[in-house]
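Participant: Predicted model and sequence below, questions to follow.
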Amino acid sequence: MLKKLRTNWLSFALALVVIISLLISGLVWTNPFQYEGARRDNLIHSNQQFTTQSMGDVYLPTSLVQTNRRGNQAILYNPQVNLIRKLKVNIHSWQFGRVSTVKSNNSDVYLSYLRRRNSLMMSYPDGVPTVVFNETFSQSINSDQINQINHIVIPLGGPREIYLLSDHHYGVYRLRLSKGNFNKVQNIAKDANRIPVDHKIVNGQTVMTYPRGFSLPTFAFQVTNQNIDTLSTNLMSSNQHANITTSHNGNNVVYSNGTNRRMTFNQDRGTVNYKAFLNNDDKRTNEQLYSYFYNRLVKTGVQLSNIRFDGVNDHQRRLTYRSYVDDFPIFNNDGYGTIKLRLTRGGTEHCQMSIYSVQVPLPIDQQEVRLPSSTVVFDQLHASSHFREVKGLRVGYLWKTDNKNKKVVKLTPSYFVKYHGNWINYTELIK
Amino acid sequence: MNFKRIQWIFLFAFLAFDIIVGCELLFQGSRFTISNSQQGHQTAVLKEMRADSITYTSLSRHQPSGYYISGTRSGDGGQLEQQMTKLRNQTAHFSDSELNSEFDSPIKVSHTHPDDRLNQVIKSARQVPLGTKYRYNAQLSDKKTVVYTQMVKGQPVLNNDGQVRFHLNNGNQVTGYTQGYIENPMTLQQRATAISQQHAVIWLYRHNQIPNDSQIRWAILGYTKLLTTNNHDRAVYVPTWLVQIKTKTSDTTQRLNVNAFNSTVMKTSPDTVNMDSIK
């Protein structure tokens, strides 16, 4: 054997390099995003904006749920630190082995993983592509095997593995941990506030319910106005130096570069609508939108410190980003605090946002608001005629527009339901 | 051409392919390049600064974190005034949320290390009220004043609101002090990431706040008042980079405050926010 090797070493070496080249080609083929994405996004760096928020911070999971040994679940949150960000730092140093599919298309099995005893679970507000998970947690999971991730389940004190769950087709995937320390993760739950929750699958959708009433604090914020001239320059600037013309149309100011970019600013409401016809061959895949839009967000000059990815729709072509306060989303009927970015397959880019944002918290005398259990909320909704069109339920904070005073705002906790595609305060439906 | 030679050629061709494509895959970890290009950009600006003869010692790229903090300046009947009854061997007055005191006999301190002696003084409740909450700050101190800053969430308070300022006479003796104290500092929101020291300096340069031919002597992070409210006079403090710049020609120094959360120069007199509509 050894002799054979010695005489034919050239052939063996040749075989080896051919196999390596096949592997490399395979990598490039199966993961074209990594390869092309790098080239493409290198080109968008001429902006002058700066943010301390990385892409991983914007696309961080937004809720952390602990399931104890008896199977009781609770949301964990800490008013001092973001626990998920802390977890992220831990997971950075982990290394995973192979991905294997545990089960798919079985809602019972799926639910059992959502409620796995003695575990921590991080959840995204909406499914994200695997490349986004990889970017956030410095991993390199093959995106062909797992398409979309909604939940990350970390079993405590059990096997050294984690599970990625995808609501789409109820996919459960196992990742074995080849290197990493679980001990620190267990400490994360130690000094956290808890809100009892439960997971259910209703009409094929994963829902987090709140079986018992609970209290949340109110917040006060100074409302920050972004200068509209800066915003229009940030949004409209392009490589071609075109003059931007402005025209007034009632309450609206229309900014246009004459050819392909147009922005409408509603002076009364402070909302901005931007539309651009990009080069038709500037096609981006759904996955690439996540990094492209992150770059666009940075470029708007908006403070990203409390802006998070919050949802995706329009056939995965529109991403919604929302302001959060201490782990909870903020909702406003006029769209304040929300940025919607959309890129159609035809190459039209849309941006919907406002000049108002909440950044500087103000001291307000601690008033806790008591919220009922979600069962009570569902019962109340059931009695109303709109119940059939209600599509989801979340706990968040209401930013009520006050036209008389747009300088400060009080944020009060409440339940929000998805009604005709918008998140609205549930009390609006039970009037 | 014999078979062996063909094998050799193929071996080299494939080896070259493996190395080139493999390396590219390995080294293109920068999929989302915003931070990287930012890095390159910052290095370029630093070079530009050197060309404008602006000197500086090494600037940290570490992004620290901090909080928005609310607190009130201890006023009439507050903790600071209450602690005054314990003071001995000095004449103290309290007005406008500020304690002014003159020692009966001045305290001699070292020229280079005034803190050697003052660390003992400040710890005694008979000499300085609430002194254990403060720590010596070498940067803020000079020939005439030795500054101790109140520590809030591990960071110094950079304005008078939370400082003990010892007055020095020409004989290097401490004659008395002025003190402000922030009561009940509380975090308003979760900890957030702030800009790095390097970024703060670059920001100032890019906004023409640093004159040519000058020296950046230091840049320290701490809390400064961002705004006050009409809600029981409670103020909001924000992590700030305080940068001291010395012009080489005229030998004057100036201090600039950069808000470390949103990179803006802080106003010298903070706004008052009216919270009546939401109280």
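Facilitator: Everything's here; your move.
Participant: report the longest helix in chain A, please.
Facilitator: Counting residues, the longest helix in chain A under DSSP state H turns out to be helix A:9-30.
Participant: which ones are touching the closest residue to chain A within the stretch 101-250 of chain B?
Facilitator: Closest residue of the stretch 101-250 of chain B to chain A, Cβ to the nearest Cβ: B:Leu188 (3.8 Å). Where C-beta positions appear, they are placed from N, C-alpha and C, glycine not excepted. Contact analysis of B:Leu188 by Cβ atoms under 8 Å, 6 or more residues apart in numbering or on different chains lists A:Phe219, A:Pro361, A:Leu362, A:Pro363, B:Tyr67, B:Tyr68, B:Ile69, B:Ser70, B:Val236.
Participant: Among the residues you listed, which ones are in strands?
Facilitator: Taking DSSP state E, the ones among the contacts of B:Leu188 that sit in strands are A:Phe219, A:Pro361, A:Leu362, B:Ile69, B:Ser70, B:Val236.
Participant: for the third one, what are its contacts?
Facilitator: What it means is A:Leu362. A:Ala220, A:Phe221, A:Gln222, A:Val408, B:Ser70, B:Leu188, B:Thr229, B:Asn231, B:Val236, B:Val273, B:Met275.
Participant: change it to 10 Å
Facilitator: A:219-222, A:408-410, B:68, B:70, B:188, B:227, B:229, B:231, B:234, B:236, B:273, B:275, B:278 (Cβ atoms under 10 Å, 6 or more residues apart in numbering or on different chains).
Participant: For the stretch 51-200 of chain B, which residues are neighbours of chain A?
Facilitator: B:63-65, B:67-72, B:153, B:184, B:186-196, B:199 (Cβ under 10 Å from any Cβ of the partner chain).
Participant: change it to 7 Å
Facilitator: When proximity is defined by Cβ under 7 Å from any Cβ of the partner chain, the stretch 51-200 of chain B lies next to chain A at B:63, B:68, B:70, B:187-195, B:199.
Participant: Narrow those to just the buried residues.
Facilitator: Of the members of these, the ones counted as buried by neighbours, 16 or more other Cβ atoms under 10 Å in any protein chain shown, are B:Tyr68, B:Ser70, B:Thr187, B:Leu188, B:Gln189, B:Gln190, B:Arg191, B:Ala192, B:Thr193, B:Ala194, B:Ile195, B:His199.
Participant: farthest-separated two in those residues?
Facilitator: B:Ser70 and B:His199 (25.8 Å; Cβ to Cβ).
Participant: three-state assignment of B:His93?
Facilitator: Secondary structure, DSSP: H, G, I helix; E, B strand; the rest coil: B:His93 is strand.
Participant: list the contacts for it?
Facilitator: B:Asn100 (Cβ atoms under 7 Å, 6 or more residues apart in numbering or on different chains).
Participant: Just the strands from the stretch 51-200 of chain A, written as ranges.
Facilitator: Secondary structure of the stretch 51-200 of chain A, counting by DSSP state E, counting those that start in this stretch: strands at A:63-67, A:73-77, A:95-103, A:119-129, A:148-155, A:161-166, A:171-179, A:193-202.
Participant: what's the closest of those to chain B?
Facilitator: The nearest among these, by Cβ to the nearest Cβ, is strand A:73-77 at 8.9 Å.
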